[in-house]
Every structure is written in structure tokens, then in C-alpha cells.
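Participant: Here is my input; please provide its structure:
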Amino acid sequence: MREVEHGITVGAPAGAVYRLVADVGNWPRVFPPTLHVDHLGREGDEERIRIWATANGEAKSWTSRRSLDPDALRIRFRQEVSSPPVASMGGSWVIEPLTPDTSRVRLLHDYRAVGDDPAGLEWIERAVDRNSRAELAALKAHAERAGDEREFSFEDTVHIEGAAEDAYAFVDEAHLWERRLPHVAAVRLTEDVPGLQRLRMDTVAKDGSTHTTESFRVCFPHDRIVYKQVTLPALMSLHTGYWTFRPAADGRVAATSQHTVVIDTANIAAVLGPRATLADARSYVRDALGANSRATLGHAKAYAESRR
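Facilitator: Below you'll find the predicted structure:
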């Protein structure tokens, strides 16, 4: 069993940092490796979660049990079902107050490789080190920018007189978007594990420029598709979102596209000009992403309604 510790000092109160780590709903927008987290059950301060995340560039999924201790500002975790080459893994998040406005975060891991294979152990060591450093740096940045206007969320919804399964299928079948959606110039979709997709896409903007993005998508037929971009346009340092397909009260299907974005302020001038502001960047991103989402939802609506 190998044991390792990583740490960082955060300019935020320990309680606020603990809450960011405790609420796994935050993780896709806080931690770069995390793609999606689902709650599987909770009883008191014990919970089971399923995590989809990248490790050494590969998408992995595993189930963990966590024990939350808000008084001690400590969270213990242990994987129940690991993903090879990991045989077992556990550890703790420990948040220590330094001053009322600063804290020390320690992230501890212990792990074993399947069959104690040296190559597998080396792979895990690299993944744990890379992810831990990325997670702690991102936690620090997120906690210290809490309340600023770089991060925002929005959504668009259309109502469909058709089956949720058909609308879901349109979004799920992204490999067909190049011929189905006018704003998609090229697309490459891989799905080595059912329900876990890697999507690389060239999107045409209103000004005619083309942007290449890459996302991981976790699919839950025929209800929702969640995603996280790992290759982003210049104006964004984070982009996560989801598509949902839910029955509405009037008997139609409500299809929704949601986005959460963090603006990369360092690139505003280069993309929008020297006089552009954060508000300009927010408006530009909202318009661009919203236009593409509404176009996709409109085509999904037409597709589903044509199949009634």
C-alpha cells in the first residue's frame, strides 16, 4: 500500500473551503479532472457517490463511500468499486484553519495496484499526483474568487410534442451532427465504454470563425446527458453543462440545455478588443452558446416531432 500527501494554503475561511469539498455537486466546476458525480445514497454523515473523472487523459468511473465530519473539517473516502489498474484507494480531505480568513488543505491518498503490478502502480502514482495538484490549485482559485462575476450559469428550453426518447437520441447521436446541424463543421465521437463519450467538434461562429472544442459526456438514457469541455475556446476557462428531457405538465417534453461558464479575463482583449469588459465577454459567450444550444434544441424538436 502506497501513501502520499499533497497540500495547499487557501486564502479563504476553512468552513467555506470544507463546504466546497463536501458538496460533490460542486466538483465538475471546481475540480478540472471531475466530469460528473452522482449521489447513490446518503444516511447521516455517510454517503455513496459515483464519480466520472479523467486520469492521465483517460476517462474513468468508480464508486466511493465518504464519511463527512463537519466539526473536524475532515472527509474520509474509500473506493468501493475501483477502475483498473487501481485495486484499492482511499484517503482524506483535511481542512485546517490558519487564520479566520486562511486555511491549509491536505489531501491524503493510499492505494494499491491490481496484482501489485509495478507498471500499474506507476500509472496510479502519476494520476494521483497530477490530479491532486490540479484539484488543490483549482480549489484554491475557486475559493478565493468566490462571489465574483466571472462564473455564471444559464439555460434554454424548448417544448416538444414528441417522445423524450427521440429528442434524447438526437443529442446522443452527436456523430451525426455534422450533417444535421449547420453550425457544426466537423465532429468525432468515440464511446469505448457505453454511456461515456468523448466528443471533438469544430463549431462555426456567427462571424464565420471556427472553434475546436473537446468534451467528455456522460449519458443517462433517455433522461439527461451531462458534459464537461476539456478543450475550450479562448474566452472560457471552464464550461460544463447538461441536456435534460423531462415530461412537462401539459403533456409535452421539456428539453433543456444548461451551461455553467467561467470567463478567462486574460483573453478578453485579444478576442473582443482592448475596450471590451467582463460584461461584454459574458454577453458574447451567453449569445454564442445560447444560439448554438437553441439551434440544436430546435433541430431535436423537429426530429422528435417528425417521428410521432
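
Participant: Which parts of this structure belong to which domain?
Facilitator: Listed by automatic domain parsing, the domain ranges of the chain are 2-144, 151-306.

Participant: Quick check: end-to-end length of the longest one?
Facilitator: The reference is to domain 151-306. End-to-end span of domain 151-306 (C-alpha to C-alpha, to the nearest Å): 38 Å.

Participant: model confidence over it, on average?
Facilitator: Averaging pLDDT along domain 151-306 gives 95.

Participant: Phi and psi next, for Tyr168.
Facilitator: The phi/psi pair for Tyr168 (degrees, to the nearest 10) reads phi -60, psi -40.

Participant: So it sits against His222, correct?
Facilitator: Yes. If you go by C-beta atoms under 8 Å, Tyr168 and His222 touch, sitting 4.0 Å apart. Every C-beta, even on glycine, is put in place using the N, C-alpha and C of the backbone.

Participant: Which one's more surrounded, these two?
Facilitator: Between Tyr168 and His222, Tyr168 has the larger neighbour count (other C-beta atoms under 10 Å), namely 24 against 15.

Participant: so how far is Ala55 from that one?
Facilitator: Separation of Tyr168 from Ala55 (C-beta to C-beta, to the nearest Å): 28 Å.

Participant: I'd say Asp69 and Ile75 touch.
Facilitator: Yes. Using C-beta under 8 Å, Asp69 is in contact with Ile75, at 7.0 Å.

Participant: Which stretches in the stretch 151-300 of the chain count as helices?
Facilitator: Shown for the stretch 151-300 of the chain, the helices assigned by DSSP state H, counting those that start in this stretch span residues 164-172, 177-180, 268-272, 278-306.

Participant: Might you report the residue contacts of Arg286?
Facilitator: Neighbouring residues of Arg286 by C-beta atoms under 8 Å, 6 or more residues apart in numbering: Phe152, Phe154.

Participant: Show me the strands paired with the strand ranked longest in the chain, marking each as parallel or antiparallel.
Facilitator: Longest strand of the chain, by residue count under DSSP state E: strand 86-99. Looking at strand 86-99 with DSSP bridges, its partner strands are strand 74-81 (antiparallel), strand 102-113 (antiparallel).
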